[in-house]
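[1] Here is a sequence with its predicted model. Questions after.
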Number of protein chains: 2
Amino acid sequence: MEPEPPGASGPAEPGPRVRGVRGAAHAASASVLSGAEAEPQRCALAVAAVLPAGGSGERMGVPTPKQFCPILERPLISYTLQAMERVCWIKDIVVAVTRENMEAMRGIIQRYQHRRISLVEAGVTRHRSIFNGLKALAEDQPHSKLSKPEVVIIHDAVRPFVEEDILLKVATAAKEHGAAGAIQPLVSTVISPSADGCLDHSLERARHRASEMPQAFLYDVIYAAYQQCSDYDLEFGTECLQLALKYCHVKAKLVEGSPDLWKVTYKRDLYAAESIIKERISQQICIVMDDEEDVGRLLEETLKNELNHVKVTSGPLCHAGRHLHQIILEQCYSFVCVNVMTSEFEETQKLLNLLKESNFSILYPVVVISVHFLDYKSVPFDRKMENLMQIRELAKEVKERNILLCGLLIYYPQNFY
Amino acid sequence: MEPEPPGASGPAEPGPRVRGVRGAAHAASASVLSGAEAEPQRCALAVAAVLPAGGSGERMGVPTPKQFCPILERPLISYTLQAMERVCWIKDIVVAVTRENMEAMRGIIQRYQHRRISLVEAGVTRHRSIFNGLKALAEDQPHSKLSKPEVVIIHDAVRPFVEEDILLKVATAAKEHGAAGAIQPLVSTVISPSADGCLDHSLERARHRASEMPQAFLYDVIYAAYQQCSDYDLEFGTECLQLALKYCHVKAKLVEGSPDLWKVTYKRDLYAAESIIKERISQQICIVMDDEEDVGRLLEETLKNELNHVKVTSGPLCHAGRHLHQIILEQCYSFVCVNVMTSEFEETQKLLNLLKESNFSILYPVVVISVHFLDYKSVPFDRKMENLMQIRELAKEVKERNILLCGLLIYYPQNFY
């Protein structure tokens, strides 16, 4: 088992109001993924989570296991960890990964600054991985910083869009019923084939459900179930709710989940996940102006008319950068920086410095379009080339910080503007 | 029932070699979607297809029924029709749509030049829609141009990626067994809830399958099944294979399908479908040059290095346009047109005219990047503006034909190039 990363001594404090800049980035990003701006929910239980992440992703048809496939250049599992760690009442998150992916996983945790994560070695099957995760949370573990939870949530590393709401529902239901799991209506009819590959019978769709994740259990129930489990169950079983029923006679409460809980299984699911994330981080554009000029206002009006579903705000970048912080808290990943007053890139530089300091772009790419108005006649050709090269260099530099900078140089004759 | 659109007197002749320009566009597009360049398969049976398309798409969370949702601006159902009609041995395709969508559906058939399509009115449930489609194919229909098939394929309007291969497999198996359907492994475990919303039991995943589409039946079998069907079946049933079993004692042959057969159900599925189609039409870039200049060759080398998975070809645009036709047959939707010799848009115009004539862009958007090199010092400012306006006008004009034109004007001082 892995010690927690340094600086992860206590649970984070997510929510719309945060203290530090680094915290701000995390909270804002988390809210983007949750799609809600509600106050954080409270849960009086001691809750931990176990995420099996030892799968090989053979159905994906790509060599990388699906939980490590990149979405906007960040591994899928990091989105799932982000979704879990933003829930402040989940005290520990135990992730089971194979020995060969352990280093890569440590790298992901460090790079994306994940908190409250402990790593354990995955087993050869999903059930064995979960069991390893549960063992790490048991009371009798020497040298462990983890404490035994009352309720444990089991979630898949490849279901990145899990909401706090459903996590709370299954945790609360597990406290009452001993076990609980999210379900969804069936998309296809389920049939049972006969030995010769023909239809034996089909199941009535209305009387069956797809069992999804997250699921939650009283820790003592699911741990006892796994301890009694047969090797056959550990090798070929997939359903934790069934183990609780079979070995502890606990009938799990079924909780209706949202379609967002779906499991990234095929390559097309990666496409879908990327589009969903792109859509969520494109809900707001902020226009930063170096002046109260008409240009910015005009641009704001135009964008508001063209992009119906996008929130457009504008304003100057204050010296203390306080206004920008507010914008970051409002979950903005798209900036247009209008430079009217100078032909230099001062305002854009200021914005970029603030973005870099804030670490805001760790989790999602930030797009900055830097617009410059230059008098066509008064700027010599050499100077134009210099401008171009300057913005290219700047773009190259901030690209490493996940900031995508585009320069738009608008040359006009004096009588044009 | 609708008469066939004019000019649809016989089945099309898809395949890698085609006669007319219009046929070329259709065949090339169809091949893109199939992802294969194999010779068309033969099927000695008389086969028709029925597509129920009367659904309301409530799970999508959008007001438009999902089969009419646009993907790259073309309705989803048009992709499915394209996938069906490219299979030359499917003689008739009967689509069941609601009365309120009948006009829209006629518009789609006309706009995207679909062939061999007949429309019938959908019923209030999926089974009633299929039954209406089957009735239209019955022998005793007065004034009908349709003839009774030996085998009928039933497919969903919202499964656009169906391959000829699986259609042939189910049709052949239906001839032998009386019924056949595509299946897929289950993604989630299926459970049965008790009346109080708790887990009653979970099903062993390995012993069950998801029943997908397409399915195929001996026409006499499925028609007889529907004729005997109870109202309850017609209202609440979903599984055609089950009807054949229940009323005609035919045990359907189950055929392993590919993951591509999945059903567009949720909004995320539209995202996935769009990404899949975009990927498929981005597999080739063609560089058209007005000269054997180094610029084109250099660009070709650069693109080949940068885009590993994309086929890059280049060449001049012949007067007769014969070379271009070949490129179209090679399934290219992305063009770069390099103009070195003239400052006018002659070469680009020629390319655009050919694309317009060929009707190539009906089914998928075609992207043309027109690159122009202009001597910075010898071109006055007014002329530059004129160039810009000219290309904007051109872009606006061809946009209506689904051709996306970008102009790239590169100004250089004489000693630069």
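    Here it is on my side, so go on. Not measured: the values here are computed from a predicted model.

[2] And the strands in the stretch 251-400 of chain A, which stretches?
    Ranges of strands in the stretch 251-400 of chain A, per DSSP state E, counting those that start in this stretch, are A:253-256, A:284-289, A:311-316, A:334-339, A:366-375.

[3] which strands and helices sit next to the shortest one?
    Put plainly, it is strand A:253-256. helix A:164-177, strand A:179-185 (3 or more CB pairs under 8 Å, 6 or more residues apart in numbering or on different chains; DSSP states H and E). Yep, even glycine has a C-beta here, placed from its N, CA and C like the rest.

[4] Now that strand: average pLDDT?
    Averaging pLDDT along strand A:253-256 yields 97.

[5] What of the longest one?
    The predicted model gives strand A:366-375 an average pLDDT of 86.

[6] follow-up on the earlier one: turn the helices and strands packed on strand A:253-256 into JSON lines, including mean neighbour count and mean pLDDT.
    Formatted as JSON lines, those follow (neighbours: other CB atoms under 10 Å in any protein chain shown; pLDDT from 0 to 100):
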{"stretch": "helix A:164-177", "mean neighbour count": "21", "mean pLDDT": "97"}
{"stretch": "strand A:179-185", "mean neighbour count": "23", "mean pLDDT": "97"}
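
[7] got TSV for these, with distance to chain B too?
    Compiled in TSV, the helices and strands packed on strand A:253-256 are given as follows (distance: least, CB to the nearest CB, whole Å):
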stretch	distance to chain B
helix A:164-177	7
strand A:179-185	7
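
[8] Compare these and give me the one nearest B:Cys248.
    strand A:179-185 (28.9 Å; CB to CB).

[9] what's in contact with the closest one?
    The contact list for strand A:179-185 (CB atoms under 8 Å, 6 or more residues apart in numbering or on different chains) reads A:166, A:169-171, A:173-174, A:205, A:209-218, A:221-222, A:240-241, A:244-245, A:250-257, A:259, A:261-262, B:188, B:191, B:193, B:199.

[10] so what strands line up beside that strand?
    strand A:209-218 (antiparallel), strand A:253-256 (parallel) (DSSP bridges).

[11] Highest mean neighbour count out of those strands?
    With neighbours taken as mean count of other CB atoms under 10 Å in any protein chain shown, the strands paired with strand A:179-185 reach their highest mean count in strand A:209-218, at a mean of 27.

[12] Show me what the next helix or strand after that strand is packed up against.
    Past strand A:209-218, further along toward the C-terminus, the next helix or strand under DSSP states H and E is helix A:219-228. Applying 3+ CB pairs under 8 Å, 6+ apart, we find helix A:219-228 packed against helix A:126-136, strand A:151-154, helix A:240-248.

[13] so which of the ones you listed comes closest to chain B?
    helix A:240-248 (4.4 Å; CB to the nearest CB).

[14] for the record, mean pLDDT for the closest one?
    For helix A:240-248, mean pLDDT rounds to 95.

[15] That helix and chain B in contact?
    Yes: Helix A:240-248 is in contact with chain B by CB under 8 Å from any CB of the partner chain, via A:241-242, A:245.

[16] Run through who's touching that helix.
    A:127, A:130, A:154, A:178-179, A:181, A:211, A:215, A:217, A:221-222, A:224-226, A:228-229, A:233, A:237, A:250-252, B:189, B:191, B:199, B:201-202.

[17] And that helix, what's buried?
    For helix A:240-248, a neighbour-count test (16 or more other CB atoms under 10 Å in any protein chain shown) marks A:240-248 as buried.

[18] between these, which is closest to A:Leu409?
    Of the buried residues of helix A:240-248, the one sitting nearest to A:Leu409 (CB to CB) turns out to be A:Cys240, at 58.5 Å.

[19] Redo the strands of the stretch 251-400 of chain A as CSV? Include distance to B:Ile287.
    Formatted as CSV, these follow (distance: least, CB to CB, whole Å):
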stretch, distance to B:Ile287
strand A:253-256, 54
strand A:284-289, 35
strand A:311-316, 38
strand A:334-339, 33
strand A:366-375, 29
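
[20] Of all these, which one is nearest B:Gly296?
    strand A:366-375 (30.8 Å).

[21] which secondary structure elements does that closest one contact?
    strand A:334-339, helix A:346-358, helix A:381-399, strand A:403-412.

[22] Please identify the residues of the stretch 51-200 of chain A in proximity to chain B?
    So the stretch 51-200 of chain A meets chain B at A:59, A:177, A:179, A:181, A:183-184, A:186-194, A:197-200 (CB under 8 Å from any CB).

[23] Please indicate which of these are buried?
    A:177, A:179, A:181, A:183-184, A:186-191, A:193, A:198-199.

[24] Determine which two of those are furthest apart.
    Farthest apart among these by CB to CB are A:His177 and A:Cys198. That separation is 39.5 Å.

[25] Thanks a lot, see you next time.
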